[in-house]
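> All I have is the shape, not the residue letters:
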Ligand code: TRP
């Protein structure tokens, strides 16, 4: 390994295999992952262990893990550069999660907004895993001495609790874990519903026009943007309370790497019609290669399998070392 490589910071992130991913997932997290590959030493995982905190149908879960793994490759993650693997294939995640759950307090878990939301949504199944979800997430991150964790804004609280758990552990046993930082890009961090732009874009929205799936056809994408909610004004510029327009500007900025001012200048004197069409087209072109690569990987599961197996082997080497160290510190007989 060259010296430059040794100096690279470590990045870890994961995504749940929850079926269709949205433009929100893409701009909020996945696009950052791709962009970080060259500058960081990256690991990316499909968080299947986290997925079972809500009830899953076995065949569907299996299919969604494949879909998500294929999507990670489709968005441009490179198995030669990054370690791409499935969380449950590296048993150290479950093992360290148990250990860390003994260093995580009931009170702090009770304050997690995701727990509060999900326990309301799945009131018939408020299981212990849903509650201790952040301990598993802390294990994911800490096993790899991750410096940076690129996530969407909704996961920030989970990174903060990871930092607290790691600090607590280090204070007792010495320097075992690296304290990670969240990495949240402002632009695109929160993509809102195209129909009710005060709400986050979500694939569980009953109105299909409210959200764009990464694998949507160009026709569907164009239709959804043409129908996107704006306001009675006609200026393309950011403004307080102009949620619909702000959201479209955010999406366009994130894809074209332009500032909101540059976008406003580009559409000065033009109406919403032109603007919505331009946003739709930008999204279509951004997602076109993703859809094409996805088709390729999902057709040939052999190649996909080979990639995630190699990923797990590489991840396991790092993870087992950290797990062993933590166990030794706690006082287990090794
Ligand atoms: N909880 C994250 C989400 O739902 C997914 C996740 C699991 C994750 N483990 C992680 C993200 C570790 C970052 C780091 O989006």
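Received, thanks. Source: prediction; values computed, not measured.
> Would you mind naming what in the stretch 151-300 of the chain lies close to the ligand?
151, 155 (CB under 6 Å from any ligand atom). Where you see a C-beta, it was placed from the backbone N, CA and C, and this is true even at glycine.
> Would you mind measuring from the closest residue to residue 131 other than its chain neighbours to the ligand?
With sequence-adjacent residues excluded and distances taken as CB to CB, 6 or more residues apart in numbering, residue 131 is closest to residue 109, at 5.6 Å. For residue 109, the distance to the ligand equals 14 Å [CB to the nearest ligand atom, to the nearest Å].
> can you check residue 331 too?
Residue 331 is 27 Å from the ligand, by CB to the nearest ligand atom.
> Now stretch 124-133: average pLDDT?
Here stretch 124-133 scores 97 as its mean pLDDT.
> Flag every buried residue along it.
129, 130, 131, 132, 133 (16 or more other CB atoms under 10 Å).
> check which helix or strand covers the residue nearest to residue 318 when sequence neighbours are not counted.
Spatial nearest neighbour of residue 318, excluding adjacent residues (CB to CB, 6+ apart): residue 144 at 5.5 Å. Under the criterion DSSP states H and E, no helix or strand holds residue 144.
> Could you identify the longest helix within the chain?
helix 301-330 (DSSP state H).
> how about that one: buried residues?
304, 307-308, 311-312, 314-316, 318-319, 322-323, 325-326, 329.
> As a check, name the ranges of all helices in the stretch 51-200 of the chain.
Along the stretch 51-200 of the chain, counting by DSSP state H, counting those that start in this stretch, helices occupy 58-74, 92-101, 106-110, 113-121, 128-142, 156-173.
> where does this protein dip in pLDDT?
1-6, 187-189 (pLDDT under 70).
> Can you spell out the domain ranges of it, please?
Here the domain parsing of the chain from automatic domain parsing is 3-189+301-330, 208-294.
> out of those domains, nearest to residue 197?
Nearest to residue 197, of all these, is domain 208-294, at 3.8 Å by CB to CB.
> For residue 43, which residues count as its bridge partners?
Taking DSSP bridges, one obtains residue 12, residue 83 as the residues bridged to residue 43.
> wait, doesn't it sit right on residue 86?
No: under the criterion of CB atoms under 8 Å, residue 43 is not in contact with residue 86, lying 11.9 Å apart.
> ok, those two, which is more surrounded?
residue 43 (25 against 22; other CB atoms under 10 Å).
> ok, that one to the ligand distance?
10 Å.
> got it, and residue 142?
Applying CB to the nearest ligand atom to residue 142 and the ligand gives a distance of 10 Å.
> Now residue 52: closest residue in space, sequence neighbours ignored.
Nearest to residue 52 is residue 129, by CB to CB, 6+ apart, at 6.8 Å.
> picking up where we left off before, give me whichever of the helices of the stretch 51-200 of the chain is most buried.
helix 128-142 (a mean of 23; mean count of other CB atoms under 10 Å).
> Next, the contact list for residue 174, please.
Residues near residue 174 by CB atoms under 8 Å, 6 or more residues apart in numbering: residue 329.
> check whether stretch 14-26 contacts the ligand.
Yes: against the ligand, stretch 14-26 shows contacts by CB under 6 Å from any ligand atom at 14, 15, 16.
> now do the same end-to-end measure for that stretch.
13 Å (CA to CA, to the nearest Å).
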